[in-house]
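Asker: can't give you the sequence, but here's the structure:
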């Protein structure tokens, strides 16, 4: 995404994480063999030892189907909040052509790398997970972990996008199937800078949630790092329960 590169660069998440080297250097206490079962299950449920792999796969497929249906209903309501001329018909993730969907994609990408960084710092294997582990060739646990904060990013994009006009977007033409050019809408240079600064400040927002050790308040980004640390302690049986703290921004 052309307009997203400066944002990711400013926040400091564009660097390539040498995954294997980092995990080896930090002596990751979570091994794939010993902890994968615990990371791939909801903490509030118990696995049935008599349940075969096909049954588990069917349940996972059903859960993904339910998630997709509710996500479609959710975004049908959310998109109504945007100006009519900018409003897309439905939510599109990968390779979206309209400006609003690309705003969501960019915000989610920033959140993704924030969560990736937080899990790496907590010495947790980001390529394990529950829901996305068999569906996508990317860090599955990050995909699961960032779901905690997606509604906050939705709120940010809505607030930023409600005042946008068509002139705030620029067309970039791409060739599909080698036949014709399709325009994709991204923020122009001026709005791109505003978006970059706004989302940077958003992660620096102060939330009224006490820190683990000292302090009654903290930054949103710090909270993500703390939750990743608590989650890692739960996986290592160092913490009995883990109840994520979700801020209101």
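Answerer: On my side now, so go ahead. Being a predicted model, the structure only gives us computed values, none of them experimental. Numbers count the residues shown, from 1 in each chain.
Asker: for this protein, just list every one of the strands.
Answerer: Secondary structure of the chain, counting by DSSP state E: strands at 169-176, 180-187, 206-207, 218-219.
Asker: turn these into TSV, including mean pLDDT.
Answerer: TSV is the format used below for those (pLDDT from 0 to 100):
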stretch	mean pLDDT
strand 169-176	82
strand 180-187	84
strand 206-207	94
strand 218-219	96
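Asker: nearest residue to residue 247 other than its sequence neighbours?
Answerer: Distances taken as CB to CB, 6 or more residues apart in numbering place residue 207 nearest to residue 247, at 3.7 Å, with adjacent residues excluded. Yep, even glycine has a C-beta here, placed from its N, CA and C like the rest.
Asker: my bad, should have said residue 209
Answerer: residue 245 (5.1 Å).
Asker: so where's this protein uncertain?
Answerer: For the chain, the stretches with pLDDT under 70 are 1-54, 56-57, 64, 130-137, 176-180.
Asker: and the gap between the closest residue to residue 103 other than its chain neighbours and residue 83?
Answerer: Leaving aside its chain neighbours, residue 103 sits nearest to residue 157 (5.1 Å; criterion: CB to CB, 6+ apart). Look at residue 157 and residue 83: by CB to CB, to the nearest Å, they are 13 Å apart.
Asker: neighbour-wise, which of those two wins?
Answerer: The neighbour count for residue 157 versus residue 83, taken as other CB atoms under 10 Å, is higher for residue 157 (22 against 13).
Asker: in this structure that one contacts residue 107, no?
Answerer: Yes - counting by CB atoms under 8 Å, residue 157 does reach residue 107; the two are 5.1 Å apart.
Asker: just to revisit the earlier point, how about the contacts made by the residue nearest to residue 103?
Answerer: If a contact means CB atoms under 8 Å, 6 or more residues apart in numbering, then residue 157 has 100, 103-104, 107 as its contacts.
Asker: in helices, which of the residues you listed fall?
Answerer: For the contacts of residue 157, the ones inside helices are 100, 103-104, 107, with DSSP state H as the criterion.
Asker: highest neighbour count among the residues you listed?
Answerer: Counting by other CB under 10 Å, top hit in the ones in helices among the contacts of residue 157: residue 103 with 28 neighbours.
Asker: what's the distance between it and residue 182?
Answerer: Taking CB to CB as the measure, residue 103 falls 18 Å from residue 182.
Asker: ok, back up a step: count residues in the vicinity of the residue nearest to residue 209, would you?
Answerer: Counted by other CB under 10 Å, the residues lying close to residue 245 total 12.
Asker: go on, residue 59?
Answerer: Neighbour number of residue 59 under other CB under 10 Å is 11.
Asker: check residue 240 too.
Answerer: When neighbours are defined as other CB under 10 Å, residue 240 has 7 of them.
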